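*Asks:* My questions concern the predicted model and sequence given below.
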Amino acid sequence: MTRKKIFVILAPFLLMAGCRNQNSEEKYDKPIPVITCSPVTLSIAQDIRASGNAEGFRIVKIGFMVAGRINYISAGEGDRVSTTKPVASLDPASYEIAKELAGIQLDQTQDEYDRLKIMHDNKSLSESDFSKISFGLQQAKAQFRLHSRNLDETKLFSPINGVVVKKLAEVGEITGVGIPVMVVSDINKIKINVFVPETEIFDVRIGQTAEVFISSLDKTVEGRVIETGAYADPASRAFSVRIEIENPGLIIRPGMIAEVKIHTGKKKEITTLPVEALLRDLNGVSYVFAVDTIKMKAFRKDIITGEISNDQAEVISGIEMNDIIVKGGSQKLVDGSSVSFYK
């Protein structure tokens, strides 16, 4: 009697629990409406993309042709310099004295030459003696020109108009012959130096156009290929390629990072999907959901993507052309979810 009472009491609760489980299963198995699409093959320009750095079109290291103590430097790093104004100078005192002594020696030799020439013209001086004074005069003149030049060399001029990219000396330092004092770069034009893989280098030709994006300036400029490397870097197996661009306003500076797209003039076919079809998991792996139209279930497919253009993403691998890909409603899906086509 007691067991019958217990069963009677528990029966409604067991019935309710069974209904809840049934409702949960029905809810779980309820198809999720999705919007689908198919992969599309597009023919696009076969451009070569690479990253690189900006550098001056011409870079020179400048230093004095004579030794001495630096007493003046007109420009620091980032300052503009020209060919008409000195950028640095040495203490000229010693060279001024040397020139003065050479001038005195020249005047003395010239006077002696003039006197002996009169005697030579009057046949009172032998050819041998006159030759000695003639050579002495030439030597005195050469010495004067040398010391005059040395004095001029105490002022340092830049051979190009440009910007100081590196200052290598300070006022008061003793410098030697040919030791660089600063590095000057001509940035009226800029060269972008990039490296192209050996598999693509044969598609690069001198004169090809290129798009150069300077990220720090958020600016894209047109350029052209002016150099292609003759040998590959031993480590990367990539070839150096240089692109020339104009630099109005001198806003592009050496060292800026540039993204380059070289136009090869060729076409290639790629498989694409709408960007809204692409998903990414916590590990950074890209994937999509493909619908099995027989089972009406969505299954995850990991993919490798390429370039994105006009809301279309290149899919390098992971899908087939006959796949039905979910592009709407995929946020609610898990691997194996039941789906229905949205109407």
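*Replies:* Received it, and whenever you're ready, just let me know what you need. Numbers count the residues shown, from 1 in each chain.
*Asks:* Contacts for the helix or strand containing Arg300, please.
*Replies:* Assigned by DSSP states H and E, Arg300 belongs to strand 297-302. With CB atoms under 8 Å, 6 or more residues apart in numbering as the test, strand 297-302 has contacts from 32, 34, 285-292, 318-319, 323, 326, 330, 333, 335-339. In short, each C-beta sits where N, CA and C put it, glycine included.
*Asks:* Then stretch 192-199?
*Replies:* 48, 50-55, 204, 212, 223, 232-233, 236-245, 258, 260, 262.
*Asks:* quick one: buried residues of that stretch?
*Replies:* Ile192, Asn193, Val194, Phe195, Val196 (16 or more other CB atoms under 10 Å).
*Asks:* Can I have the buried ones of the contacts of strand 297-302 as a ChimeraX selection?
*Replies:* If you want just the buried ones from these in ChimeraX, going by 16+ other CB under 10 Å, the selection is:
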select :32,34,286,287,288,289,290,291,318,319,323,326,330,333,337,339
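*Asks:* got any ranges where the stretch 151-300 of the chain has weak pLDDT?
*Replies:* Judged against pLDDT under 70, the stretch 151-300 of the chain has no low-scoring part.
*Asks:* Kindly recompute the last result at 90.
*Replies:* 198-200, 229-237, 248-250, 253-255, 264-270 (pLDDT under 90).
*Asks:* That one: strands as residue ranges?
*Replies:* Ranges of strands in the stretch 151-300 of the chain, per DSSP state E, counting those that start in this stretch, are 155-157, 162-167, 174-175, 180-197, 209-214, 219-232, 238-246, 257-262, 267-274, 279-280, 286-292, 297-302.
*Asks:* I'd like the ones you listed as CSV, with distance to Leu42 appended.
*Replies:* Formatted as CSV, those follow (distance: least, CB to CB, whole Å):
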stretch, distance to Leu42
strand 155-157, 57
strand 162-167, 44
strand 174-175, 62
strand 180-197, 23
strand 209-214, 19
strand 219-232, 23
strand 238-246, 27
strand 257-262, 17
strand 267-274, 5
strand 279-280, 21
strand 286-292, 17
strand 297-302, 20
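*Asks:* nearest to Ala67, of these?
*Replies:* strand 174-175 (6.6 Å; CB to CB).
*Asks:* So the protein: which segments form each domain?
*Replies:* Here the domain parsing of the chain from automatic domain parsing is 29-44+268-341, 49-57+188-266, 92-151.
*Asks:* re earlier: note down every partner strand of the strand holding Arg300 and its orientation.
*Replies:* Sheet pairing of strand 297-302 (DSSP bridges) gives strand 286-292 (antiparallel), strand 337-341 (antiparallel).
*Asks:* Run through the residues that contact the residue sitting nearest the centre point of the chain.
*Replies:* By CA atoms, centre = their mean, the chain has its centre lying nearest to Asn53, at 1.7 Å. Asn53 makes contact with Ile192, Asn193, Pro254, Gly255, Met256, Ile257, Ala258 under the criterion CB under 8 Å, 6+ apart.
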